[in-house]
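*Asks:* just to be clear, the model below is a prediction. Sequence and coordinates:
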Amino acid sequence: MRPRGPVVLVCLSFAACGGEAEAPVAPATPPAQAVSPTPAVFDDPALAAGRSIWMDTCQGCHDIGIAGAPKLGDTAAWAPRIAQGQAVLYEHAINGHFGPTGTMMPPRGGNDALSDEEVKAAVDYMVAASR
Ligand code: HEC
């Protein structure tokens, strides 16, 4: 009887025996990050309008936290502010406000062309995106 040794060399799968190493696959490009922390706001036309006001006047400080401004989407920073109530936030955004550490929110974000309603809409957007 012949030894069966050579049999173990028989290929068991194409992958093992193809003869060509598979080229390493480049990692897939990660999916693009969502731009807005709360895409749901776009379902609400009032919040979408507030967002465009916010982009024009408020994001300069509130996007990355310039001068101590609470950042959009920073729920920890916004929680105690939101707890003051919407009326207080409106009043501070319209008339300006010095925080306890001396940081200053300028009246209307420094844009006198904004109406009270426009400032309120921007506040609503920022609050909705920061809860
Ligand atoms: C020049 C920078 C700057 C711009 C522009 C700006 N903010 Fe602010 N904002 C601040 C700072 C700094 C604070 C934090 C003040 C504090 O500590 O309470 C703040 C705080 C606030 C608060 C929280 C107030 C409170 O009682 O806690 C609201 C609401 C707000 N801003 C709304 C707006 C809106 C709406 C706009 C655009 C129309 C805007 N801000 C533009 C700097 C800015």
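*Replies:* Arrived safely.
*Asks:* hey, let's count contacts and neighbours off CA atoms from now on
*Replies:* OK.
*Asks:* quick one, helices of this protein?
*Replies:* Using DSSP state H, the helices of the chain run over 14-17, 45-53, 59-62, 75-82, 86-95, 116-128.
*Asks:* tell me which of these sits most buried.
*Replies:* helix 116-128 (a mean of 21; mean count of other Cα atoms under 10 Å).
*Asks:* residues near A113, how many?
*Replies:* A113 has 8 neighbouring residues, counting by other Cα atoms under 10 Å.
*Asks:* roughly how far apart are A46 and H97?
*Replies:* Between A46 and H97 the distance is 25 Å, computed by Cα to Cα, to the nearest Å.
*Asks:* go on, H62?
*Replies:* 14 Å.
*Asks:* equivalent analysis for L89, please.
*Replies:* L89 sits 9 Å away from H97, going by Cα to Cα.
*Asks:* so what's in contact with the two at the same time?
*Replies:* Common neighbours of L89 and H97 (criterion: Cα atoms under 8 Å, 6 or more residues apart in numbering): none identified.
*Asks:* so what pLDDT did R4 get?
*Replies:* Model confidence at R4, given as pLDDT, is 61.
*Asks:* swap in D43?
*Replies:* 81.
*Asks:* next, count neighbours for it.
*Replies:* 9.
*Asks:* if I look at the residue lying closest to V127 once chain neighbours are set aside, how far off is R108?
*Replies:* Computed as Cα to Cα, 6 or more residues apart in numbering, the closest residue to V127 that is not its neighbour in sequence is I82, at 7.1 Å. To R108, I82 is 18 Å away according to Cα to Cα.
*Asks:* same question for C61.
*Replies:* C61 is 12 Å from R108, by Cα to Cα.
*Asks:* for E118, give me its contacts.
*Replies:* G50, I53.
*Asks:* hmm, I typed the wrong one, I wanted D63.
*Replies:* D63 touches K71, L72, counting by Cα under 8 Å, 6+ apart.
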